[in-house]
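Chemist: Build me a structure from this.
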Amino acid sequence: MAAALVALCPGCTQEDIASGMTEAALVAWGEQLVDCSVPGLGVELPLAPVRSDVTGDGTRDLVVSLECVTGDASSFSHVVVLDGASPAAGPEVVGTLLRMPETKDYRQAVRTGAKIRKVDVEGQRITIVADRWRYRDAKACPGLKHVQIFTVEGTRLSARKPSVLDVPRCQW
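Modeler: Model prediction:
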């Protein structure tokens with residue numbers, strides 16, 4: 001993975017990984033991180049990466065949301081924090097904020113994942129908001145709202161218990 005990242009971000013140094021990685025480079029890096037087992041659809045960034053010093057070391061870090069495009073409402077979503085002070089040849093993942101669904105079996109994961117809607121960063125606090133599907137929810141009608149708050153202290157990540165709320169969106 002390190003060699004691929006250097007090719008994607010030539011000339012990147014420890015100081016500029018956060019500003020030097022383009023969205024295309026992040027997608028290519030994410031394809032190595034996210035097991036996207038649906039052929040031909042790949043990984044995308046549903047939201048622009050958030051560049052902010054969440055580790056408090058004076059270097060901008062990256063909060064990156066990655067999503068496996070499945071062609072239906074299934075979403076294999078990951079949100080990770082990359083340490084901006086780590087070398088571009090091997091960026092360190094400070095932590096994974098969200099990984100849904102946890103199964104890698106596509107048949108079990110259909111409409112049980114999450115779709116990232118918002119990533120909010122304020123200092124060392126990161127808030128993730130996502131729509132989630134219950135197994136029997138209609139494709140266009142996720143029935144749950146997932147909200148979780150994370151705190152980064154140096155290279156330690158702590159998570160509050162998520163709030164998962166019923167959302168009656170679709171009434172047929």
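Chemist: hey, which helix is longest across this protein?
Modeler: helix 23-33 (DSSP state H).
Chemist: On the three-state scheme, the residue nearest the centre of the chain is what?
Modeler: When the chain is reduced to its mean C-alpha position, the nearest residue by C-alpha atoms, centre = their mean turns out to be Val79, at 1.9 Å. Classification of Val79 into helix, strand or coil gives strand, according to DSSP: H, G, I helix; E, B strand; the rest coil.
Chemist: before we move on, the earlier item: can you give me the buried ones in the longest helix of the chain?
Modeler: Within helix 23-33, the residues scored as buried using 16 or more other C-beta atoms under 10 Å are 25-31, 33. The C-beta positions use only the backbone N, C-alpha and C, and glycine is treated the same way.
Chemist: from those, which single one is nearest Arg99?
Modeler: Checking these against Arg99 by C-beta to C-beta gives Leu33 as the nearest, at 10.0 Å.
Chemist: any idea how far that closest one is from Pro91?
Modeler: Leu33 sits 11 Å away from Pro91 when distances are taken as C-beta to C-beta, to the nearest Å.
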